[in-house]
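**Student:** below are the sequence and a predicted model for it; my questions follow.
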Amino acid sequence: MSMYEIQGGRPLGGRLRVQGAKNSVLPLLAAALLAPGQSVIHNCPDLSDVSATLDILDLLGCRVAREGKTVTVDATALRGSAIPERLMREMRSSVIFLGALLARTGSAKLCYPGGCELGPRPIDLHLAALRGLGAEIREEGECLTCTAGRGLRGARIHLPFPSVGATENAMLCACGAQGVTTLVGAAREPEIVDLERFLNKLGARVSGAGTPVVTIEGGRPLHGAEHTVMGDRIVAATWLCACGAAGGEIALTGVELGSLDTVLSCLEQAGGRLECAGEEIRFRSTGPLRGIAPVHTAPYPGFPTDAQAILMAALAGGRGQTLFVENMFESRYRHVPELQRMGADIRVRGRCAVVTGSPLHGQRVESTDLRGGAALVVAALGAEGTTQVTRLSHIRRGYQDMEGTLRQLGADIRLLPTNRDTGEDHGICETQPKAKTAPKPAWHTL
């Protein structure tokens, strides 16, 4: 195992092309199952979640090859429809195979998915949507056995909440259903639009992605296709917040500007200077960020929950006060105690967190989840002294070569081994000496 060692206080500078989107490529790879033939997917990031997805495709009988940023999936010889527990536990997004397998083979067997522990994230909406399309689903312990029953058929499906995963699963399953399916209350995220583009290239007929109503004309013959994954808007937000925390000037390309509107607005309020021209975002930070108007996470086009911890980390080392309200997940403040170890003044009550900017100092901290880990790196770049960030497995689920990218921007970051014998590869152990300053409690009253 390994950790990052980061020397804070060095301004960032340079130009980057943003990697392909994790939250787009995973459903795209599942969609490749729908079509006999070869699909070629470009701009595919090298992430542990992507590797796990490719392992699942290989196990199901697909021929999978990777060359640089291009992945080729030939699903002609697809066999079986069961995914073992060990692969399902590696990431929550593995549940996306449910709709694709039902559409292609008429059956699917898998266990409940794993991934980051962000509080209850039931897949009830996924199952209800698939049942609405005619699927018969039996839950046996932690395993699901699904069949097409008398056949999948188009239907009008109402989603009571705009779940991204449920929308994607329903879209994939509906491609194999006879007749027209209308999803009402669908998620509107840009990744849904990217999935629609790929499905239509496969020969499906899907429309309405990016709006609350998506229509799928099912039962059409499908074939392999070529597609380029959209840029990752959350990774882009991470580099922008890193520059906000550390200072400096960076330019980003390869990401749709409109997908970052809420994040860009917050950074401008905080005192950063933005210039957007064509496909380039140029961001400059010349002093400590200041507090901004309350940040409420919400489904797209609202402020993304995936960027909440990252922006919080950037503002924690600035000045002034900001209120965060987390409306999406119950346990999305697990990074707060670690930021507090670095001197952050954050008070949490329920879904609300008040951040009062103050100087941060280096400390040994532990990644709690994917975006929480990225937040600790952002905080470390703006902190005084040296910070060590452990449990990098979380970060590698969504960031390709984070240390290399940040070094390219001028950050002082090193990848170091941790000591397996002392258990340090799992973060801060109980036998480790306590910090001189006790961390502030995470859950005291506002």
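**Tutor:** In hand now; what should we look at?
**Student:** where along the stretch 201-350 of the chain do the strands fall?
**Tutor:** 205-207, 213-218, 226-228, 248-253, 273-277, 280-285, 295-296, 321-325, 345-349 (DSSP state E, counting those that start in this stretch).
**Student:** same check, this time on the stretch 51-200 of the chain
**Tutor:** Remark: strands assigned in the stretch 51-200 of the chain by DSSP E, counting those that start in this stretch are 63-67, 70-74, 107-111, 136-140, 143-147, 156-158, 179-184.
**Student:** of these, which is nearest residue 388?
**Tutor:** Between residue 388 and these, the tightest spacing by CB to CB is seen for strand 63-67, at 31.7 Å. Using the backbone N, CA and C atoms, a C-beta is placed for each residue, glycine as well.
**Student:** what residues sit buried inside stretch 395-404?
**Tutor:** By neighbour count on 16 or more other CB atoms under 10 Å, the buried set for stretch 395-404 is 395-400, 402-403.
**Student:** any idea of the mean pLDDT in that stretch?
**Tutor:** In this model, stretch 395-404 has an average pLDDT of 97.
**Student:** would you turn the strands of the stretch 51-200 of the chain into CSV with mean pLDDT, mean neighbour count and distance to residue 31?
**Tutor:** Shown next, in CSV, are the strands of the stretch 51-200 of the chain (pLDDT from 0 to 100; neighbours: other CB atoms under 10 Å; distance: least, CB to CB, whole Å):
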stretch, mean pLDDT, mean neighbour count, distance to residue 31
strand 63-67, 98, 13, 14
strand 70-74, 98, 21, 10
strand 107-111, 89, 21, 15
strand 136-140, 89, 12, 21
strand 143-147, 90, 18, 18
strand 156-158, 98, 17, 18
strand 179-184, 98, 19, 15
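**Student:** do I have it right that residue 184 meets residue 160?
**Tutor:** No - Residue 184 is not in contact with residue 160 according to CB atoms under 8 Å; the separation is 10.0 Å.
**Student:** list the contacts of the closest residue to residue 204 other than its chain neighbours.
**Tutor:** What sits nearest to residue 204 in space, not counting adjacent residues and going by CB to CB, 6 or more residues apart in numbering, is residue 175, at 4.9 Å. By CB atoms under 8 Å, 6 or more residues apart in numbering, the residues touching residue 175 are 34, 103, 199, 202, 204, 206, 216, 218, 220, 222.
**Student:** and the residues you listed, which of them are buried?
**Tutor:** 34, 103, 199, 202, 204, 206, 216, 218, 222.
**Student:** contact partners for the second one?
**Tutor:** Pointing back at residue 103 there. Contacts for residue 103 (CB under 8 Å, 6+ apart) come out as 34, 152, 172-177.
**Student:** and for the fifth one?
**Tutor:** Contact analysis of residue 204 by CB under 8 Å, 6+ apart lists 34, 175, 216-218, 220, 222.
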